[in-house]
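Trainee: no FASTA, just this:
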């Protein structure tokens, strides 16, 4: 097998508008080139292997006499789509370097993370507990039908992110700082047993991207990955104050940080399992599983020597 790796391309520039302000921009593109996961595709005769998804693979298959034989299967024979995970982003910022007793920076990121696999873990194909954490043995790629509808916005995709941070130096002893973070919501998926047992993607033992009932009809509409809405935007403001007493030659720093000062507790993750079987809707579907952390206060003491 090939190792799990990706390629990354970055192009950026910075420009000094004046002695007080600097602006910059950076474009980033990441492509997953190789992944590792397990599969039990029928092409392997009921056996399960670790493999490189989305490409041809050579397996050592045990024979009846106990020996092993090299057998190569093309990706088409295995029944899978091409491996795909791409991240594209544009980062822009304006910065005020420290001068006149203050420093500040505002950053904005527009990005898209999409494909048919997150990588070695899967956070949206869950069993109600918030994701599959078994490295390189997720449900992804286990069977060809599980990859139907798997291409879309990945769970950690956030189109818009704004970050602002800075501090003001009142004196050599006192400093006040703030950090603000705003981010758009993550895409949601619907995972379930397919309600129609005659559908070609139906499998009775696995959860996959599901068909939701059409209101006023007996039919269903297929909902591929990332097409079931988004989590809410998140807003977070942190404040801090630091004291470096002159009597300690400014080597001692006493600091207090207040995180999430407005105590906004926004849903971050939902139960995305729509049904527990072909006929039973999951009563916990869309139940919130995780929120942003509540307001917390941290006190620290640091001595530099």
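Mentor: Perfect, thanks for sending it. Please read these numbers as outputs of a predicted model, since none were measured by experiment.

Trainee: rest of the way, CA atoms for contacts and neighbours
Mentor: Fine.

Trainee: helix/strand/coil for the residue most central in space within the chain?
Mentor: Nearest residue to the geometric centre of the chain (CA atoms, centre = their mean): residue 156, 2.4 Å. Under DSSP: H, G, I helix; E, B strand; the rest coil, the three-state class of residue 156 is coil.

Trainee: how close does the nearest residue to it once chain neighbours are set aside sit to residue 230?
Mentor: Once flanking residues are discounted, residue 156 sits nearest to residue 186: 6.0 Å by CA to CA, 6 or more residues apart in numbering. Residue 186 sits 5 Å away from residue 230, going by CA to CA, to the nearest Å.

Trainee: These two: who's more crowded?
Mentor: residue 186 (21 against 18; other CA atoms under 10 Å).

Trainee: A helix includes residue 77, no?
Mentor: Yes: under three-state DSSP, residue 77 sits within a helix.

Trainee: Could you report the neighbour count for it?
Mentor: Burial of residue 77 is recorded as 13 neighbouring residues (other CA under 10 Å).

Trainee: Which residues are in contact with it?
Mentor: residue 43 (CA atoms under 8 Å, 6 or more residues apart in numbering).

Trainee: Do you know the pLDDT at it?
Mentor: Looking at residue 77, its pLDDT reads 94.

Trainee: Could you check how far it is from residue 11?
Mentor: For residue 77, the distance to residue 11 - CA to CA - is 39 Å.

Trainee: same deal with residue 208?
Mentor: 37 Å.

Trainee: So between these two, which is more surrounded?
Mentor: Neighbour comparison, residue 208 and residue 11: the larger count goes to residue 208, with 29 against 10 (by other CA under 10 Å).

Trainee: ok, that one touching residue 191?
Mentor: Yes: applying CA atoms under 8 Å as the test, residue 208 and residue 191 come out as touching, 4.8 Å apart.
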